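Q: kindly generate the corresponding structure for this input.
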Amino acid sequence: YLSLNYASEISVIPEDEGGGYLACIPLLPGCMTDGETVEEAYTNLQDAKREWIIDMLDRGLPINEPNMKPRFSGRFVVRVPKTLHRLLAEESEREGISLNQFVNNSLAFVVGQKLAH
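A: Residues are numbered from 1 along each chain as shown. Modelled structure (predicted):
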């Protein structure tokens, strides 16, 4: 787990709250620290990550892993009957848009309708 590339977030701590920088790893709930500078906060976060992971392993609790590959690329291939392909192509031509855009719009519309109910 220590060698995995977890996304980090660093934000400014307002002066009225002590100042400095807060660093955390959102995928590891509660794994956070701070520092006077961004660099110090990041260095401290690496130590906090190590301690957080060791604690979770000691307690036998699950540890989230960063996704190494995006789960959704925005691309998928679907086979349709030739007649449906023809109907979709004809309708997209009537609309004056590409077949890809027509199918995308149609899917978005249908899913949007389902989510609205």
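
Q: in this structure, which spans are strands?
A: Counting by DSSP state E, the chain has strands at residues 9-12, 21-24, 32-35.

Q: enumerate the positions of stretch 61-69 that are buried.
A: Residues of stretch 61-69 include none that count as buried (16 or more other Cβ atoms under 10 Å). From N, CA and C alone the C-beta is placed, and that goes for glycine too.

Q: domain-wise, how is this protein divided?
A: Domain assignment for the chain, taken from automatic domain parsing, gives 9-59, 82-116.

Q: out of the strands of the chain, the one nearest residue 43 is which?
A: strand 32-35 (7.1 Å; Cβ to Cβ).

Q: send me the closest one as PDB with only the CA atoms.
A: Output of strand 32-35 as PDB, limited to C-alpha atoms (Å, rounded to 0.1, in the frame of the first residue of the first chain):
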ATOM      1  CA  MET A  32      -4.500  13.900   7.400                       C
ATOM      2  CA  THR A  33      -1.900  16.200   8.900                       C
ATOM      3  CA  ASP A  34      -0.700  19.700   8.500                       C
ATOM      4  CA  GLY A  35       2.500  21.800   8.100                       C
END
